[in-house]
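J.: Return atomic coordinates for the entry below.
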Amino acid sequence: MSFELIKVETGRDLERFVRLPWKIYKDQPYWVPPLIRERKQFLDPDINPFFEHAHVDLFLAVDAGQSPVGRIALIHDRSYQDLHPEPVGMFGLFESVEDPIISYLLFDKAYQWCQERGFARLMGPMNLSTNHECGLLIEGFDSPTMFGIPYNPEYYRTYFEAWGLQKAQDLVAFRMDLVKIPDYLERVAVKLKQRNRFTVRCLDLGRFEKEISLLWDIYNSAWSLNWGFVPMTQKEFEFSAREMKSIVQPEFCLIAEVKGEPAGFSLALPDVNQVFKQLDGRLFPFGWARFLWQKNKIDAYRVPMLGVKKKYRRLGIDAWFYYETYRMLVEKKIKWLEMSWLLADNKSIVDPMHRMGGQIYKRHRIYERSIAS
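T.: Below you'll find the predicted structure:
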């Protein structure tokens, strides 16, 4: 059978691009359908402020009958390029039916796209940057994915590596079963209370816009030295915050301050994928009702963000975030918590997870390949 690539340029093309995963994952019990409306808005340059500093080309692979069988996004993020001297092209939103010919066709297009733009390297998957979903799942296929974490078939790894992509970085997710607060955290919390070097409060939804501005400043400072970091514009951060506002619980967004200055924040979110799994991508007309009815039955949380500004990192703020989050979840009788994603080689973050009894249960990989000039 012959295949060809078409560039996504029309609303109908975008519709087919967004809906392709339903074909790929029809027999995958752990895949969670994204919200179709949210995906379309995320990929709309008139809505998502990411496109103000990035160019994205979307491509569909179709068979002889013009039925979609694969897809890829090719990304030039100028904000990333401003921080990294080597010109890099990104790829993301990759999907393919189980046929290596299709995946190679998509990757060959990515290679050509990078050559035409003078990029030295292709890197991904990024959906669409490190500030969004990223990485290819390579370990942990036997359980559902958490909200904000990608899932994919096992055969993708074979296709990626057979085409010539190699490991750039691994991202890990820790699972923590919430039975009681670890003794390690209890001891640390006692010492921190005695020292009284900082204060911690909850997010104030009554002044949401001001709070988001404050969190944005912390985010770009606290994460700035991380591998692959790309600063978020204030409009981007606000866009993401508005998307999550309906699921954020203020008591689980902790903000630390030192003498009135914002020093760090952490965020724990209920795993709304447990509800989204049943919505099949649609909130309307009855999805919202089901979401509101079932969200209180969620028994797991994820911590996607926990960071402290560099000059305040020796005060134990991060440990207090761990303690308070753990304590509140135990009191709420939540069964378990996921900490993700974490850079696999970042010992300053990974080691405390092990001390608290966490176990790595999922691993994602970001790949790269050099581009010949």
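J.: The residue lying farthest from the centre of the chain and L279, how far apart?
T.: Taking Cα atoms, centre = their mean as the measure, the residue most remote from the mean C-alpha position of the chain is Q194, 36.1 Å away. Separation of Q194 from L279 (Cβ to Cβ, to the nearest Å) stands at 48 Å. To be clear about C-beta, it is placed using only N, CA and C from the backbone, and glycine gets the same treatment.
J.: next one: V258
T.: Distance from V258 to L279, by Cβ to Cβ: 42 Å.
J.: Would you mind telling me which of the two has more residues around it?
T.: For V258 and L279, the more surrounded residue by other Cβ atoms under 10 Å is L279, and the numbers stand at 21 against 16.
J.: Name the spans of this protein whose pLDDT lies under the cut-off.
T.: Under the criterion pLDDT under 70, the flagged ranges of the chain are 1, 284-294.
J.: Once you drop chain neighbours, what's closest to the residue nearest to the spatial centre of it?
T.: Compute the mean C-alpha point of the chain, and by Cα atoms, centre = their mean the closest residue is E133, 3.1 Å away. Excluding the flanking residues, the one nearest E133 by Cβ to Cβ, 6 or more residues apart in numbering is N127, at 4.3 Å.
J.: tell me the contacts of that neighbour?
T.: For N127, the contacting residues are 73, 92-93, 133-134, 150, by Cβ atoms under 8 Å, 6 or more residues apart in numbering.
J.: for it, phi and psi?
T.: Note on N127: its backbone torsions stand at phi -120, psi 60 [degrees, to the nearest 10].
J.: Which residue ranges of this protein form helices?
T.: Ranges of helices in the chain, per DSSP state H, are 11-24, 36-42, 78-83, 100-116, 155-163, 183-195, 208-222, 234-244, 273-276, 287-294, 317-331, 347-355.
J.: nearest to F59, of those?
T.: Of all the helices of the chain, it is helix 100-116 that lies closest to F59, at 5.9 Å by Cβ to Cβ.
J.: and that closest one, what other elements does it pack with?
T.: Judged by 3 or more Cβ pairs under 8 Å, 6 or more residues apart in numbering; DSSP states H and E, helix 100-116 is in contact with strand 3-7, strand 54-63, strand 68-77, strand 88-96, strand 121-124, helix 155-163.
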